[in-house]
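Trainee: pasting a predicted model and its sequence here:
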There are 2 protein chains.
Amino acid sequence: MTGAESLAQTLLANGVDVCFANPGTSEMHFVAALDRFPGIRCVLGLQENVVTGAADGYWRMAERPAATLLHCGPGLANGLANLHNARRAQSGIVNIVGDQATHHRALDAPLTADTDGWARGVSAWTRTATGATTVGRDAAAAVEVARQGQIATLIVPADIAWNQEGSIGQALSLPRAPKPTQHAIGNAERVLRSGQPTLLLLGGATLRGTALADAYRIALRTGARIMAQTHNARIERGCGRPSVARVPYRVDQALAELAPFQHLLLVGATPPVSFFAYPGKPGHLYPPECELHVLARPDEDGPFALEQLADALGAPRVPPADAGLDRAVPQGAPLTAFAKTIAALLPPNAVVVNEAGTCGPAIYAASHDSAPHDWLDLTGGAIGAGLPMAVGAAIAAPGRRVLSLQADGSGMYTVQALWTQARERLAVTTVVFSNRTYAILLAELAHVGAQAGPTARNMMTLSDPDISWVRLATGLGVEAARADGCEQLADLLRTSFRSSRPFLIEFCW
Amino acid sequence: MTGAESLAQTLLANGVDVCFANPGTSEMHFVAALDRFPGIRCVLGLQENVVTGAADGYWRMAERPAATLLHCGPGLANGLANLHNARRAQSGIVNIVGDQATHHRALDAPLTADTDGWARGVSAWTRTATGATTVGRDAAAAVEVARQGQIATLIVPADIAWNQEGSIGQALSLPRAPKPTQHAIGNAERVLRSGQPTLLLLGGATLRGTALADAYRIALRTGARIMAQTHNARIERGCGRPSVARVPYRVDQALAELAPFQHLLLVGATPPVSFFAYPGKPGHLYPPECELHVLARPDEDGPFALEQLADALGAPRVPPADAGLDRAVPQGAPLTAFAKTIAALLPPNAVVVNEAGTCGPAIYAASHDSAPHDWLDLTGGAIGAGLPMAVGAAIAAPGRRVLSLQADGSGMYTVQALWTQARERLAVTTVVFSNRTYAILLAELAHVGAQAGPTARNMMTLSDPDISWVRLATGLGVEAARADGCEQLADLLRTSFRSSRPFLIEFCW
């Protein structure tokens, strides 16, 4: 058995059966091994940020890791931005990077680069395989790390893939998250019983299922408020589930929202900070006198903590149909017509992938009582995550409609993902909000106190020439149409939701 | 004066007047400063690998650095692959990366990443600015490094851009390349006078102008052969110039070509090695008994060395019209009809940007006596360089036609560059060789001894769905048409060469 064969079989033996790939010469033996040992679905992306973003989306919905297959240092580099987003989402990925043969590295051939150095910035675990006999064991170790919601990068030199005497590795079944201490739970109970204004700030797995229901009954019992972080890997929401507002992106709004609280109880969340620094504004979004308490760290078992806490408080279990703590529309997110249209038509059990920077908040607000759905956000701020994440989410959740809400500026980063949606015949409906600007930057310009002249405005304008998303999509094999208003948008959404193929709507308003 | 203003003025005062940019919030003050101090042409790219690839192409034609403007670690990451190529081309770039404010970094906001760590893999010089008062000096130091043909990365935290008391820095005028020693020149003369089979392997600046003419007269005088490296930043070639073959990419061909030589004289070149390792094949492409001699290292003044050597050998100056040492067609590069068509129609003084992996060698061979032109290759093997390089080359060489020879697989990596070509109204003609495969990988599969089953073939096939390059181009504002044979190709090339606007030809054959 070659090293490549042992690698493929180790992945399969440990439940990793999807591989998002953009292979090159040094990965040929691994790709060939996938044919000899079938069972891994291999999905081609035309650029590596598609590959890594898809792996992120896959984890978020499947809750188990996919593998990636990248080609040498530059191939890894092309995928780093979405690995960064995946790291922020705590998405586990077995990130496999083929590289120059061990004996060839010293010759510094053109494609030779600092693969290991580039990997470390996003990986919890980085290892370069040193022999065909041990690469199976290396892969098993990578799977263990990835199962914890982390990125494990395994660099596989070409000779290690083609050499013989590989053997299959077995990953240990490690518990995913340690339990928070009873002290932390007791402290949270004391805070909540004090009656002082308290916010439960939720992150990670606490935004789903029974954990969210437990947070809700705690809030009902104590009068505390619940809120999610600004950017979340996945929230289960919609009709019959608690409605959870997110900490606003805008600093002034966030400061106003968090001003009333004397206590901030962090459950799988980190202390809220502004996305960027702005002159004369604070970086922390909570009042200086507010007390921070950690109920569960992001790597701890937040759902367990919430259940224990709710029971300790004697909070009655409420029927899940009783939803809506936060039905008020957040400031600055008007319920525009397009947001209402999308919210009204969202099919049951949809997966919403949101990279609509300017339009997303209004749709989030409007859809709090839409049909039940999952909502996936851009977590690391590296734009270009949306279209690839939709690929991975659709593969992880067959039978569910993926609605990809996409700004035009960020969509252009990874437009190649549309081709993979077509090739894999994924049930993805993409709505591109084609306002032909980096609209969020125009706002930021004012917030940092800079003046926009013609050069600055030109850097934020996507017109001249206008981009035709319909042509881009059809050029990549995805059927598409333009909607010039909400009626057309509604018609196209309905049509698309009836089809099992991908469809793109260029929305102009 | 803010730090951002001092940065902009330092660039301008030191002759850096083109900035390829994809800015974000942390770069807003710099962008705004460009309006207050006009003189820098700011060119927007819709993804960062367009930005960095354009800066590479710009240096190759302008022989002076452009600046880039990137947004935080992930923005840098998106541009690393073409920075890798630029490093291999010895292209100087002032690589400016805005980042989180110094006081905000510790808060680990979502976009915070290891910007410095990622930069080091491609940069000869990396510095994070520490104050508004000194960022001008930092920028001047970066210009000094970039003028040497290296990448200088200056990371500028947002607060340093907006703080006051900036001052303009002045870059020193350093000599670009040290002269080789007289010992090296004397040794080369001895080797050449020995009459033993000798190859002058040329790289860098020796592939242009009088240096190439000097190499040619040395070859005529001594019977030595001249050859270029496989991948070169820029070769001046065509009618009236010496014809120079490149070391073949394929290992077997390269070994056969280099087998006759007892001496290898390196002039601005490195010892030839194979691009990848292949089982059972050597990594060095020259015979084990061949003696290596360094006339000039890549960082030394190769043109000076060639002139000294030619004079020492008493080689007569030959009229430049007398070209063609290597008119023989290299093995494995048949003069296909499309190659002859392109070669015949190439307009005088064109700039050819070549990222046609499979089709490029035939066109190179066919065009050795085309109208005089510059030929720019992918130097670092990180695909996705071609379309962005064409942007930079066109901006550096106004009035000259850029012909961008582009494989479809690699073209998909940075297709966004077409939009910048349209916006900047660049005279770029792109020919996409639409064979709908990663054809080079199908060949590699055999060379590494792997067997292709259906999964492997699927990973190398770009059909299902077919990509329409005409739709992609027109969607991005570039006029385009499809050519289904050489006659149509010729017609479209002629039409395009008469226009000053960009045009794309999807060539299917």
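Mentor: Now that the structure is in, tell me what you want to look at. Numbers count the residues shown, from 1 in each chain, chains lettered A, B, ... in the order given.

Trainee: which residue of chain A sits farthest from its center?
Mentor: residue A:107 (38.7 Å; C-alpha atoms, centre = their mean).

Trainee: which residues are in contact with it?
Mentor: Residue A:107 is in contact with B:273, B:274, B:283, B:284, counting by C-beta atoms under 8 Å, 6 or more residues apart in numbering or on different chains. (Glycine included, C-beta is placed from N, CA and C.)

Trainee: and the nearest residue to residue A:111 once chain neighbours are set aside, how many neighbours?
Mentor: Excluding the flanking residues, the one nearest residue A:111 by C-beta to C-beta, 6 or more residues apart in numbering or on different chains is residue B:381, at 3.7 Å. For residue B:381, the count of nearby residues is 25 (other C-beta atoms under 10 Å in any protein chain shown).

Trainee: from residue B:277, how far off is residue B:381?
Mentor: As judged by C-beta to C-beta, to the nearest Å, residue B:381 and residue B:277 stand 14 Å apart.

Trainee: same question for residue A:482.
Mentor: As judged by C-beta to C-beta, residue A:482 and residue B:277 stand 50 Å apart.

Trainee: so those two - more neighbours on which side?
Mentor: With neighbours defined as other C-beta under 10 Å, residue A:482 and residue B:277 compare such that residue B:277 has more, 26 against 17.

Trainee: show me the helices in the stretch 101-250 of chain A, by range?
Mentor: Along the stretch 101-250 of chain A, counting by DSSP state H, counting those that start in this stretch, helices occupy A:102-105, A:115-120, A:135-147, A:158-162, A:182-193, A:209-222.

Trainee: out of those, deepest packed?
Mentor: Most buried of those, by mean neighbour count (mean count of other C-beta atoms under 10 Å in any protein chain shown): helix A:158-162, with a mean of 27.

Trainee: of all of the stretch 151-300 of chain A, which residue lies closest to chain B?
Mentor: residue A:277 (3.6 Å; C-beta to the nearest C-beta).

Trainee: just checking, that residue touches residue A:283?
Mentor: Yes. Counting by C-beta atoms under 8 Å, residue A:277 does reach residue A:283; the two are 5.8 Å apart.

Trainee: where do the contact lists of these two overlap?
Mentor: Both residue A:277 and residue A:283 are contacted by B:103, B:104, under the criterion C-beta under 8 Å, 6+ apart.

Trainee: quick check, pLDDT for the closest residue to residue A:261 other than its chain neighbours.
Mentor: Closest residue to residue A:261 apart from its sequence neighbours, by C-beta to C-beta, 6+ apart: residue A:199 at 4.5 Å. Looking at residue A:199, its pLDDT is 98.

Trainee: export the helix or strand containing residue A:43 as PDB, just CAs?
Mentor: Secondary structure from DSSP states H and E places residue A:43 in strand A:41-44. Taking C-alpha atoms only, strand A:41-44 is exported to PDB below (Å, rounded to 0.1, in the frame of the first residue of the first chain):
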ATOM      1  CA  ARG A  41     -16.800  12.000  -2.600                       C
ATOM      2  CA  CYS A  42     -14.200  14.200  -4.300                       C
ATOM      3  CA  VAL A  43     -15.500  17.700  -5.200                       C
ATOM      4  CA  LEU A  44     -13.400  20.000  -7.500                       C
END
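
Trainee: relative to it, what are the paired strands and their orientations?
Mentor: According to DSSP bridges, strand A:41-44 forms sheet pairs with strand A:18-21 (parallel).

Trainee: helix or strand next in line after the partner strand, which one?
Mentor: Using DSSP H and E, the helix or strand that follows strand A:18-21 in sequence is helix A:28-36.

Trainee: and stretch A:468-480, how far out from the chain middle?
Mentor: 24 Å (C-alpha atoms, centre = their mean, to the nearest Å).

Trainee: repeat for stretch A:58-69
Mentor: Chain-centre distance of stretch A:58-69: 11 Å, with C-alpha atoms, centre = their mean.

Trainee: ok, now which ones touch the closest residue to residue A:188 other than its chain neighbours?
Mentor: Closest residue in space to residue A:188, ignoring its immediate chain neighbours: residue A:295 at 4.6 Å, by C-beta to C-beta, 6+ apart. By C-beta under 8 Å, 6+ apart, residue A:295 lies in contact with A:180, A:184-185, A:187-188, A:200, A:265-267, A:302, A:305-306, A:309.

Trainee: which of these sit farthest apart?
Mentor: Farthest pair in the contacts of residue A:295 (C-beta to C-beta) is A:187 and A:302. Separation: 15.1 Å.

Trainee: longest helix of chain A?
Mentor: Assignment by DSSP state H gives helix A:72-88 as the longest helix of chain A.

Trainee: next, the buried residues of the next helix or strand after that one.
Mentor: Proceeding N to C from helix A:72-88, the next assigned helix or strand is strand A:93-99, under DSSP H and E. Applying a neighbour-count criterion of 16 or more other C-beta atoms under 10 Å in any protein chain shown, one finds A:93, A:94, A:95, A:96, A:97, A:98, A:99 buried in strand A:93-99.

Trainee: so the last one sits right up against residue A:158, yeah?
Mentor: Okay, so that is residue A:99. Yes. Counting by C-beta under 8 Å, residue A:158 is a contact partner of residue A:99 at 7.1 Å.

Trainee: which neighbours do these two share?
Mentor: Common neighbours of residue A:99 and residue A:158, using C-beta under 8 Å, 6+ apart, are residue A:26.

Trainee: buried ones in the helix or strand of chain A with the lowest mean pLDDT?
Mentor: Lowest on mean pLDDT, DSSP states H and E among the helices and strands of chain A sits helix A:439-447, with a mean of 82. Within helix A:439-447, the residues that count as buried by 16+ other C-beta under 10 Å are A:439, A:440, A:441, A:442, A:444, A:445, A:447.

Trainee: quick one: list the elements packing against that helix.
Mentor: helix A:454-459, helix B:28-36 (3 or more C-beta pairs under 8 Å, 6 or more residues apart in numbering or on different chains; DSSP states H and E).

Trainee: how far off centre is it?
Mentor: 24 Å.

Trainee: can I get it in CSV, CA atoms only?
Mentor: What follows is helix A:439-447, C-alpha atoms only, in CSV (Å, rounded to 0.1, in the frame of the first residue of the first chain):
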residue,chain,number,x,y,z
ALA,A,439,-21.3,49.9,0.2
ILE,A,440,-19.9,48.9,3.6
LEU,A,441,-16.7,50.7,2.8
LEU,A,442,-18.5,54.0,2.0
ALA,A,443,-20.0,53.8,5.4
GLU,A,444,-16.6,52.9,7.0
LEU,A,445,-15.0,55.9,5.3
ALA,A,446,-17.2,58.2,7.3
HIS,A,447,-16.7,56.2,10.5
